[in-house]
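**Q** got a predicted structure plus its sequence, pasted below:
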Amino acid sequence: MKRSILTLLLGLLVSFSCVRQEIIDIDGEHISPKLVVLAYLTPGDSIRIFVNKSIPFGNPVDPVHTDVLNATVILRNDAGAKQQLDLSIPSIPIYTCSQEDFPVIQGQTYHLTVSAPDMTTVTARTTVPERAATWKSATISQTNDGGNQFSGSWDALLDEQDIDYGVFVYRSAEPQDLLFGNESIIPKSGGYTVERVVYTGTGSSLEAVLVTRTKMLGNFSKMAELTREMEMYYSDARFYEIISGFKGVIPQFSNIENGLGVFGSYLLHTKAIN
(Lines give C-alpha, C1' and ligand atoms only; values in the text may rest on other atoms or scores of the structure.)
Protein backbone atom coordinates (compact mmCIF):
# COMPACT_ATOMS: atom_id res chain seq x y z
CA MET A 1 0.00 0.00 0.00
CA LYS A 2 1.38 3.34 -0.97
CA ARG A 3 1.63 5.94 1.76
CA SER A 4 2.88 9.05 0.04
CA ILE A 5 1.20 11.33 2.55
CA LEU A 6 3.68 10.23 5.23
CA THR A 7 6.28 12.64 3.88
CA LEU A 8 3.94 15.51 4.77
CA LEU A 9 3.21 14.09 8.21
CA LEU A 10 6.86 13.63 9.07
CA GLY A 11 7.46 17.23 8.11
CA LEU A 12 4.62 18.37 10.36
CA LEU A 13 5.93 16.32 13.27
CA VAL A 14 9.58 17.32 13.08
CA SER A 15 9.18 21.02 12.35
CA PHE A 16 7.42 23.98 13.91
CA SER A 17 6.58 27.40 12.55
CA CYS A 18 4.51 30.37 13.71
CA VAL A 19 3.15 33.62 12.41
CA ARG A 20 2.74 35.38 15.77
CA GLN A 21 5.52 36.34 18.14
CA GLU A 22 5.01 35.04 21.66
CA ILE A 23 7.29 34.91 24.70
CA ILE A 24 7.20 31.45 26.21
CA ASP A 25 9.33 29.32 28.50
CA ILE A 26 10.90 26.28 26.85
CA ASP A 27 11.71 23.48 29.26
CA GLY A 28 14.59 21.08 28.79
CA GLU A 29 12.32 18.46 27.23
CA HIS A 30 12.16 20.48 23.99
CA ILE A 31 15.86 21.33 23.70
CA SER A 32 17.15 17.91 22.60
CA PRO A 33 15.87 16.04 19.53
CA LYS A 34 13.59 13.06 20.00
CA LEU A 35 12.99 10.04 17.82
CA VAL A 36 9.87 10.34 15.66
CA VAL A 37 8.31 6.99 14.72
CA LEU A 38 5.39 6.28 12.38
CA ALA A 39 4.40 2.63 12.30
CA TYR A 40 1.16 0.78 11.53
CA LEU A 41 0.69 -2.97 11.34
CA THR A 42 -1.93 -4.95 9.45
CA PRO A 43 -2.09 -8.64 8.50
CA GLY A 44 -0.69 -9.48 5.08
CA ASP A 45 0.98 -6.17 4.24
CA SER A 46 4.74 -5.61 4.39
CA ILE A 47 5.87 -3.97 7.63
CA ARG A 48 7.26 -0.45 7.19
CA ILE A 49 8.43 1.74 10.05
CA PHE A 50 9.48 5.36 9.46
CA VAL A 51 12.14 6.76 11.80
CA ASN A 52 13.09 10.42 11.95
CA LYS A 53 14.06 12.86 14.68
CA SER A 54 12.49 16.09 15.83
CA ILE A 55 14.01 19.53 15.38
CA PRO A 56 14.42 21.32 18.74
CA PHE A 57 12.87 24.77 19.13
CA GLY A 58 15.10 27.51 17.77
CA ASN A 59 17.03 25.31 15.34
CA PRO A 60 16.88 25.78 11.54
CA VAL A 61 14.28 23.58 9.81
CA ASP A 62 16.11 21.20 7.49
CA PRO A 63 14.12 18.01 6.82
CA VAL A 64 17.14 16.32 5.25
CA HIS A 65 18.85 16.31 8.64
CA THR A 66 15.91 14.65 10.37
CA ASP A 67 16.42 11.25 8.71
CA VAL A 68 17.64 8.53 11.08
CA LEU A 69 19.47 5.98 8.96
CA ASN A 70 21.37 4.19 11.74
CA ALA A 71 18.51 3.11 14.00
CA THR A 72 18.01 -0.34 15.50
CA VAL A 73 14.35 -1.25 15.04
CA ILE A 74 13.01 -4.36 16.77
CA LEU A 75 9.52 -5.84 16.83
CA ARG A 76 8.41 -8.62 19.16
CA ASN A 77 5.13 -10.26 20.08
CA ASP A 78 3.81 -11.65 23.34
CA ALA A 79 4.73 -15.17 22.23
CA GLY A 80 8.42 -14.24 22.33
CA ALA A 81 9.10 -13.96 18.60
CA LYS A 82 11.45 -11.11 17.71
CA GLN A 83 12.45 -9.49 14.42
CA GLN A 84 14.97 -6.76 13.61
CA LEU A 85 13.97 -4.58 10.64
CA ASP A 86 16.38 -3.35 7.98
CA LEU A 87 16.49 -0.20 5.86
CA SER A 88 14.62 -0.76 2.61
CA ILE A 89 16.85 1.76 0.81
CA PRO A 90 20.11 3.06 2.38
CA SER A 91 19.17 6.73 1.86
CA ILE A 92 15.53 6.58 3.08
CA PRO A 93 14.61 6.12 6.78
CA ILE A 94 12.09 3.32 6.22
CA TYR A 95 12.75 0.06 8.06
CA THR A 96 11.01 -3.02 6.69
CA CYS A 97 10.55 -6.75 6.93
CA SER A 98 8.32 -9.32 5.28
CA GLN A 99 5.43 -10.94 7.10
CA GLU A 100 6.87 -14.25 5.99
CA ASP A 101 9.55 -13.54 8.59
CA PHE A 102 7.30 -11.88 11.17
CA PRO A 103 3.55 -12.37 10.64
CA VAL A 104 1.00 -9.88 11.98
CA ILE A 105 -2.07 -11.63 13.42
CA GLN A 106 -5.48 -10.25 14.39
CA GLY A 107 -5.91 -9.85 18.14
CA GLN A 108 -2.20 -10.19 18.92
CA THR A 109 -0.12 -7.58 20.78
CA TYR A 110 3.16 -6.28 19.35
CA HIS A 111 5.97 -4.32 21.00
CA LEU A 112 8.28 -1.89 19.22
CA THR A 113 11.72 -0.70 20.35
CA VAL A 114 13.71 1.89 18.39
CA SER A 115 17.18 3.07 19.38
CA ALA A 116 19.83 5.21 17.69
CA PRO A 117 23.26 6.57 18.72
CA ASP A 118 23.05 9.60 21.02
CA MET A 119 19.23 9.37 21.13
CA THR A 120 16.89 8.20 23.88
CA THR A 121 15.46 4.76 23.12
CA VAL A 122 11.71 4.75 22.47
CA THR A 123 9.15 2.00 22.98
CA ALA A 124 5.50 1.43 22.11
CA ARG A 125 2.89 -1.31 21.85
CA THR A 126 -0.23 -2.00 19.82
CA THR A 127 -2.86 -4.71 19.77
CA VAL A 128 -4.26 -5.52 16.33
CA PRO A 129 -8.09 -5.35 16.27
CA GLU A 130 -9.68 -8.80 16.58
CA ARG A 131 -12.36 -8.14 13.98
CA ALA A 132 -12.87 -5.82 11.04
CA ALA A 133 -16.06 -3.84 10.57
CA THR A 134 -17.65 -4.59 7.17
CA TRP A 135 -19.68 -2.49 4.79
CA LYS A 136 -23.44 -2.86 5.23
CA SER A 137 -24.00 -0.59 2.22
CA ALA A 138 -21.74 1.39 -0.10
CA THR A 139 -23.18 3.24 -3.09
CA ILE A 140 -22.61 6.18 -5.43
CA SER A 141 -25.52 8.46 -6.34
CA GLN A 142 -25.88 11.68 -8.31
CA THR A 143 -26.55 14.94 -6.49
CA ASN A 144 -28.98 17.64 -7.65
CA ASP A 145 -26.15 19.75 -9.03
CA GLY A 146 -24.80 16.91 -11.17
CA GLY A 147 -22.04 15.79 -8.81
CA ASN A 148 -21.55 12.38 -7.23
CA GLN A 149 -22.02 11.40 -3.62
CA PHE A 150 -20.74 8.33 -1.82
CA SER A 151 -22.99 6.92 0.91
CA GLY A 152 -21.97 4.08 3.19
CA SER A 153 -22.98 2.41 6.44
CA TRP A 154 -21.73 -0.32 8.76
CA ASP A 155 -22.71 -1.89 12.08
CA ALA A 156 -20.77 -1.03 15.21
CA LEU A 157 -18.52 -3.76 16.59
CA LEU A 158 -19.45 -5.12 20.00
CA ASP A 159 -16.36 -3.83 21.81
CA GLU A 160 -15.32 -0.36 20.65
CA GLN A 161 -13.31 0.65 23.70
CA ASP A 162 -9.96 0.49 21.90
CA ILE A 163 -10.94 1.02 18.25
CA ASP A 164 -12.46 3.53 15.87
CA TYR A 165 -12.98 3.82 12.12
CA GLY A 166 -11.80 5.59 8.99
CA VAL A 167 -13.21 5.63 5.43
CA PHE A 168 -11.49 6.16 2.08
CA VAL A 169 -13.04 6.30 -1.37
CA TYR A 170 -10.58 6.23 -4.26
CA ARG A 171 -9.90 4.85 -7.72
CA SER A 172 -7.98 1.58 -7.73
CA ALA A 173 -4.84 3.16 -9.16
CA GLU A 174 -4.62 5.85 -6.45
CA PRO A 175 -2.80 5.55 -3.10
CA GLN A 176 -4.63 5.35 0.21
CA ASP A 177 -3.87 8.15 2.66
CA LEU A 178 -4.08 5.91 5.70
CA LEU A 179 -3.78 8.67 8.27
CA PHE A 180 -6.82 10.59 7.02
CA GLY A 181 -10.36 9.53 6.11
CA ASN A 182 -12.24 10.94 9.11
CA GLU A 183 -14.66 13.25 7.30
CA SER A 184 -18.44 12.96 7.86
CA ILE A 185 -18.50 9.73 9.88
CA ILE A 186 -21.65 9.87 12.06
CA PRO A 187 -22.80 7.37 14.75
CA LYS A 188 -26.38 6.31 14.05
CA SER A 189 -28.70 3.56 15.35
CA GLY A 190 -26.10 1.04 16.52
CA GLY A 191 -23.79 1.73 13.63
CA TYR A 192 -22.27 4.45 11.50
CA THR A 193 -23.02 6.30 8.30
CA VAL A 194 -20.83 8.38 6.01
CA GLU A 195 -21.68 10.67 3.10
CA ARG A 196 -19.13 12.48 0.93
CA VAL A 197 -19.09 14.24 -2.40
CA VAL A 198 -16.58 12.35 -4.56
CA TYR A 199 -15.01 12.71 -7.97
CA THR A 200 -15.62 9.55 -9.95
CA GLY A 201 -13.66 10.42 -13.11
CA THR A 202 -13.20 7.80 -15.77
CA GLY A 203 -11.36 4.54 -16.06
CA SER A 204 -10.99 2.16 -13.13
CA SER A 205 -13.84 1.67 -10.68
CA LEU A 206 -13.98 3.29 -7.27
CA GLU A 207 -13.11 1.37 -4.14
CA ALA A 208 -14.60 2.08 -0.72
CA VAL A 209 -12.23 1.14 2.12
CA LEU A 210 -13.49 0.79 5.68
CA VAL A 211 -10.65 0.90 8.23
CA THR A 212 -10.99 -0.60 11.70
CA ARG A 213 -8.04 0.86 13.61
CA THR A 214 -6.71 1.21 17.12
CA LYS A 215 -8.02 4.19 19.08
CA MET A 216 -4.58 5.79 19.29
CA LEU A 217 -4.08 5.52 15.53
CA GLY A 218 -7.51 7.10 15.07
CA ASN A 219 -6.69 9.99 17.43
CA PHE A 220 -3.36 10.55 15.71
CA SER A 221 -5.12 10.50 12.33
CA LYS A 222 -7.61 13.17 13.41
CA MET A 223 -4.80 15.33 14.79
CA ALA A 224 -2.87 14.99 11.50
CA GLU A 225 -5.95 15.81 9.45
CA LEU A 226 -6.71 18.90 11.55
CA THR A 227 -3.10 20.06 11.28
CA ARG A 228 -3.19 19.67 7.49
CA GLU A 229 -6.45 21.59 7.23
CA MET A 230 -5.04 24.41 9.36
CA GLU A 231 -2.07 24.62 7.02
CA MET A 232 -4.12 24.41 3.81
CA TYR A 233 -7.00 26.70 4.66
CA TYR A 234 -5.16 29.31 6.70
CA SER A 235 -1.49 29.47 5.72
CA ASP A 236 -1.96 28.78 2.02
CA ALA A 237 -4.94 31.12 1.84
CA ARG A 238 -2.87 33.83 3.60
CA PHE A 239 -5.39 34.31 6.41
CA TYR A 240 -2.56 35.44 8.66
CA GLU A 241 -4.75 37.55 10.92
CA ILE A 242 -7.01 34.58 11.60
CA ILE A 243 -4.06 32.38 12.52
CA SER A 244 -2.49 35.00 14.76
CA GLY A 245 -5.76 35.24 16.65
CA PHE A 246 -6.13 31.46 17.03
CA LYS A 247 -5.72 30.57 20.71
CA GLY A 248 -6.74 26.94 20.57
CA VAL A 249 -4.27 24.10 21.06
CA ILE A 250 -4.28 21.09 18.72
CA PRO A 251 -4.04 18.02 21.03
CA GLN A 252 -0.89 15.98 20.50
CA PHE A 253 -1.59 12.24 20.46
CA SER A 254 1.30 9.81 20.68
CA ASN A 255 1.92 6.41 22.24
CA ILE A 256 5.68 6.50 21.58
CA GLU A 257 7.28 6.41 25.04
CA ASN A 258 10.12 9.00 25.25
CA GLY A 259 9.50 10.07 21.65
CA LEU A 260 6.91 11.26 19.14
CA GLY A 261 4.65 9.66 16.55
CA VAL A 262 2.38 6.64 16.67
CA PHE A 263 2.52 2.85 16.67
CA GLY A 264 -0.89 1.52 15.66
CA SER A 265 -2.61 -1.29 13.81
CA TYR A 266 -5.67 -1.74 11.64
CA LEU A 267 -7.83 -4.03 9.52
CA LEU A 268 -9.42 -3.25 6.13
CA HIS A 269 -12.67 -4.15 4.38
CA THR A 270 -12.74 -3.06 0.73
CA LYS A 271 -15.71 -2.95 -1.62
CA ALA A 272 -15.56 -2.11 -5.33
CA ILE A 273 -18.17 0.36 -6.57
CA ASN A 274 -18.94 0.41 -10.28
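**A** Cool, got the structure.

**Q** can you give me the helices in this structure?
**A** Listed in chain order, the helices of the chain (DSSP state H) span 6-14, 215-230, 240-244.

**Q** how far out from the middle of the chain is the longest one?
**A** In terms of CA atoms, centre = their mean, to the nearest Å, the gap separating the centre of helix 215-230 from the centre of its chain is 7 Å.

**Q** just the residues contacting it, thanks.
**A** With contact meaning CB atoms under 8 Å, 6 or more residues apart in numbering, helix 215-230 is reached by 8-9, 12, 40, 126, 161-166, 178-182, 213, 243, 250-255, 261-266. C-betas here are computed from N, CA, C, even on glycine.

**Q** and it, which residues are buried?
**A** Neighbour counts using 16 or more other CB atoms under 10 Å place 215-225, 227-228 of helix 215-230 among the buried residues.

**Q** now the two most distant members of these.
**A** Farthest-apart pair in the buried residues of helix 215-230 is Lys215 and Arg228; separation 20.5 Å (CB to CB).

**Q** re earlier: drop anything exposed from the contacts of helix 215-230.
**A** The neighbour count (16+ other CB under 10 Å) marks 9, 40, 126, 163-166, 178-182, 213, 243, 253-255, 261-266 as buried among the contacts of helix 215-230.

**Q** hey, which helix or strand in this protein has the poorest pLDDT?
**A** Lowest by mean pLDDT, DSSP states H and E among the helices and strands of the chain is helix 240-244, with a mean of 47.

**Q** low-scoring pLDDT stretches of the stretch 101-250 of the chain, where are they?
**A** Along the stretch 101-250 of the chain, the model assigns pLDDT under 70 to residues 172-177, 201-204, 229-250.

**Q** list phi and psi for the residue most central in space within the chain.
**A** When CA atoms, centre = their mean is applied to the chain, the residue found nearest the centroid is Leu179 (3.1 Å). Phi and psi for Leu179, reported as degrees, to the nearest 10, are phi -90, psi 0.
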